[in-house]
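In: kindly return the folded structure for what I paste below:
(chains A and B, ligands or ions: 1)
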Amino acid sequence: MNDAPYSLYRLKRTPFHERVAPLCLPQNWRRWAGCITVGSYDLGIDREYWAIRDAAALIDVSPLMKYLVEGPDAARLLDRITPRNIHKMAIGQVFYTGWCDDDGKLLDDGTVTRLGERSFRLTSAEPSLRWLAMNAVGMDVTITEATDRMAALSLQGPKSRAVLNRCCEDGLDTLRFFRMAPNRLGGRSVTISRTGYTGDLGYEIWMDAADALPVWDAIMAAGADHGIVPCGILAMDMARVEAGLFMIDVDYTAANHAWIAGQKSSPYEMGLGWTVNLDKPGYFVGRRALEREHREGSAWRLVGLEVDWEGLERVYAEVGLPPQIPGTAVRGSLPVMRDRQQVGYASTSTWSPILKKYIALVHLERPHFEPGTRVEIEITVEHHRRYAPGTVVALPFYEPEWKKK
Amino acid sequence: MANPDIIVIGAGHNGLVAATYLARAGRKVLVLERREVPGGQLAGDARIGAFATRPIHAGGQLRADIVRDLGLANHGLASEASADAGAYLAPLPDGRMLRLAASTDAATLDSIRALSPRDAERWPEFVRFMNSAAAYLEAGQATPMPRLANADLLEQGRPLAALAWKLRRLGRTDMFRFMRVLTMSAVEFAEEWFESEPLRAAIGAVAIHGVSIGSMSAGGGYVLIHNWLNRGGLAHRGTRGGAQDMVNALVAALRARGGELRTSAPVAQVLVERQVVRGVRLESGEEILAGTVLSDADPRRTLLGLVGAPELPPEFVWQAQSIKMRGSVAKVHVLTDGQHGIPGGTVVIAPTTKYLERAYDAAKYGQVSEHPYLELTHSGDVVSIHYQFAPYSLRGGDWQAMRATLERRAIATVSERFAGFRDSIREVRSITPFDLEQTWALTEGDLNHGQLILDQLLFMRPIPGWSDHRTPVDGLYLCGSGVHGGGGVSGVSGRNAARRVLRVSARG
Ligand SMILES: Cc1cc2nc3c(=O)[nH]c(=O)nc-3n(C[C@H](O)[C@H](O)[C@H](O)COP(=O)(O)OP(=O)(O)OC[C@H]3O[C@@H](n4cnc5c(N)ncnc54)[C@H](O)[C@@H]3O)c2cc1C
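Out: Reported below is the predicted structural model:
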């Protein structure tokens, strides 16, 4: 049978597919940036979640969009696109940043890694080649898409350093938080950055797609004694909420995906004010609008909400049930009220196994976003709307002391 | 001049008009021109050939209110009344001439009647409609266009409402005619009015003049009204002393108001800090600071060249890159012994509307028309040939190699109609689109700083959403032909830009 038409619709496979597919016992697959990726390797996600928090979890993050930006104006281009001061980056430094359209509304977020004086790697969630090219007019820079030819693994958890120290040529004890260094792993050239999407100690390993399997094997072998666990993206989703990290098109709508202006978000609103460097010289995309927002203050902000357990119990007790908690992070909008008035909404909520709390990323209107503010979140109890009380907290919810050490 | 309030980049006529309006309002204005001479396209260039510095222009007049406001009569500009429109002449296959004036004089009517009595009957109504359409366009050019997606509706709404009211006052028939004609092709429009092919072609030629469209392209109707307005009909009209008089008068008026003009002062960079203009840097390295800068250079050159894409928002850059320039006009100047046999006035070589379309076909494919549409004017011994189409981007060749072909085809085409022409030739000099770019700083050789086509007009000129002379850089304004009101000699875009600057500063 000719399967050409079918292959048109088939999702891309990551370079690790051969390894992860046999392990994905429940066939719990998720689509990520056009790729088929593992949601979870078990029916539940506890084992993978606890690997992130207690041991080491190995996650295939190859679907991330990756671009190489090189040339005399490479720093200038990224300085124009992002609100951060790229010129101040050291070689080997990694910046997390969002970037905006000219109305100062977020288009995407990702990391910028300075590989050399004139070369950078940018990761993004959405295809960004056109945006990069549009911004590079009049600059001496080359932009190369590396999404498919690079594989990426995320090794997260308190044991991740020990695992890598076992299989890498150069030890990782001196690699600081948000730094990157070239290394050799399983006989292959890789670059390793101390980054991740879990808020734990963790590393991301970047390699040629052709080297993916030997690198996977080497890490798995080195991690055997440390309780390494292949981990899907559902467990990571829980961990990232605990870490106060948001996700594009879940916790904010990319400005170019929004139907109406009200769906768009600024970096200030998303709590990324610290990435906006208004003092840097020159134009950068969104400068005008961000200057204005900085002056006038933001209309709302992304903060954390911790739901009172007793309150939750009380609401469920009314119908004779103990609190019913979903097993994964919930990506659904839930109204947040104060004095019976809606003051915002939650975009992702989850049970936090490590904190033993029900938590949510919430978007609250000024002035309700101050930490300590008491609000209520809507929950559905036996098909009826109820409100559970909770407290506004600063993000992140969870940050272990070893994360940056 | 130390510390000018306002810098104007470019001493084309629109730059000079803007500068003089601003000087008249009490501003300290400094005009910086890259060439050794002011006047922009109105000024010839010695390098093209000494004799050719004279008649680069067939005609052109500033709008009457500009002449009045700036007191140009006091600075040597001959009055409008003295301008001789001359006739618009189309040689016919049998050797006769179709002679058209933008009036209903007996000679015009006789000339048309010889081709078609019916067309002669239609002619007065045609002239009346064209005059009313041109007057309406003039009002449109004087009306600030709304910036799309801009909340300032009240401010924008009033002048627009007035314009809409004027449209209504054209009367039902003319209103609809006007709205229809804008989008029509030259052929469609001419066919609707007239049955005689030579008459249709003669009118159709003006509907594609100066623009890279064919007689069957949409938007010819607009171009016809635009050119009719600038020319005052079909034939060119000049000021008595020619374009140079106009330039001299503008420079004198500027200086009389305390403005300064520096020639041989090319601007290399518009200085911008965080989207606010600071001044300019000359190619010499000299920096001159000013809080307001106007540019008479074309929008592409100004925005992408002088400001630079890195200082501008990406969507805006993309739109600036998308401005269609695509010049395809060349000029061939011929010094003769005076016995060229070409009558005075404006002579058009465009026998049929299909001939015009075929001439344009070549341009579509990057070729120089083998049988070009020509317009001839002369000042005594020098014959000036306007040549369409000679596209800026040549397929598989360059303008250095193509120049001789261009000249040969121009001469052959004229000689077919005027037998004595070839033998009268002493010297030939041509201006190609490449020359227009190199010497006159016209991107892609586009005389209009951006094609006069439907998607680049009115509130979409130069860029949709930016039709009010402003740019994303505070304090930087566009005043040349590339903005609303521009294209050809009129001074409209310069006048409008100066008004815009004064209105903004009045608001503080
Ligand atoms: C051969 C030819 C024949 C024409 N015939 C007619 C006609 O018969 N009737 C008619 O109405 N129109 C005609 N036109 C068109 C008409 O000349 C133009 O539309 C008009 O002159 C444009 O005036 P402007 O001031 O807007 O721009 P321009 O005249 O183009 O002036 C722009 C000025 O900016 C200067 N400049 C650019 N960059 C810089 C810089 N970096 N630093 C300093 N200065 C700079 C240029 O040197 C130039 O002087 C003709 C054009 C040509 C080329």
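
In: against chain A, how distant is B:Leu22?
Out: Separation of B:Leu22 from chain A (CB to the nearest CB, to the nearest Å) stands at 26 Å. In short, each C-beta sits where N, CA and C put it, glycine included.

In: let's verify that residue: helix, strand, or coil?
Out: What DSSP: H, G, I helix; E, B strand; the rest coil gives for B:Leu22 is helix.

In: swap in the one 4 residues further on?
Out: Local secondary structure at B:Gly26 is given as coil here, using three-state DSSP.

In: tell me the phi and psi of it?
Out: For B:Gly26, the backbone dihedrals are phi 90, psi 10 (criterion: degrees, to the nearest 10).

In: which residues touch A:Pro267?
Out: Applying CB atoms under 8 Å, 6 or more residues apart in numbering or on different chains to A:Pro267 gives the contacts A:83, A:98, A:100, A:104, A:106, A:273, A:275-276, A:290.

In: just those: which are in strands?
Out: A:98, A:100, A:106 (DSSP state E).

In: beta-bridge partners for the second one, please?
Out: It refers to A:Cys100. Counting by DSSP bridges, A:Cys100 is bridged to A:Leu106.

In: next one, pLDDT for it please.
Out: A:Cys100 is assigned 98 on the pLDDT scale.

In: ditto for the last one
Out: At A:Leu106 the predicted local distance difference test score is 98.

In: quick one: it from chain B, how far?
Out: To chain B, A:Leu106 is 15 Å away according to CB to the nearest CB.

In: what residues are up against that residue?
Out: So A:Leu106 contacts A:98-100, A:252, A:254-255, A:264-267, A:270, A:272 (CB under 8 Å, 6+ apart).

In: dump the residues you listed to JSON lines, plus distance to B:Pro313.
Out: Shown next, in JSON lines, are the contacts of A:Leu106 (distance: CB to CB, whole Å):
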{"residue": "A:Gly98", "distance to B:Pro313": "17"}
{"residue": "A:Trp99", "distance to B:Pro313": "13"}
{"residue": "A:Cys100", "distance to B:Pro313": "11"}
{"residue": "A:Tyr252", "distance to B:Pro313": "21"}
{"residue": "A:Ala254", "distance to B:Pro313": "17"}
{"residue": "A:Ala255", "distance to B:Pro313": "13"}
{"residue": "A:Lys264", "distance to B:Pro313": "16"}
{"residue": "A:Ser265", "distance to B:Pro313": "19"}
{"residue": "A:Ser266", "distance to B:Pro313": "16"}
{"residue": "A:Pro267", "distance to B:Pro313": "17"}
{"residue": "A:Met270", "distance to B:Pro313": "21"}
{"residue": "A:Leu272", "distance to B:Pro313": "20"}
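
In: tell me which of the residues you listed is nearest to B:Val473?
Out: The closest of the contacts of A:Leu106 to B:Val473 turns out to be A:Cys100 (CB to CB; 18.8 Å).

In: right, and the closest one touches A:Glu293 too?
Out: No. Distance between A:Cys100 and A:Glu293: 10.4 Å, which falls outside the contact criterion (CB atoms under 8 Å).

In: identify the contacts common to those two.
Out: Counting by CB under 8 Å, 6+ apart, the common neighbours of A:Cys100 and A:Glu293 are A:Ser266.

In: whichever residue of the stretch 201-350 of chain A sits closest to chain B: which element?
Out: Nearest residue of the stretch 201-350 of chain A to chain B: A:Tyr283, at 4.8 Å (CB to the nearest CB). Using DSSP states H and E, A:Tyr283 sits in no helix or strand.

In: swap in B:Asp110?
Out: Taking DSSP H and E as the definition, B:Asp110 sits inside helix B:106-113.

In: now for that helix, which elements pack on it?
Out: Helix B:106-113 is packed against strand B:97-100, helix B:117-142, with contacts defined by 3 or more CB pairs under 8 Å, 6 or more residues apart in numbering or on different chains; DSSP states H and E.
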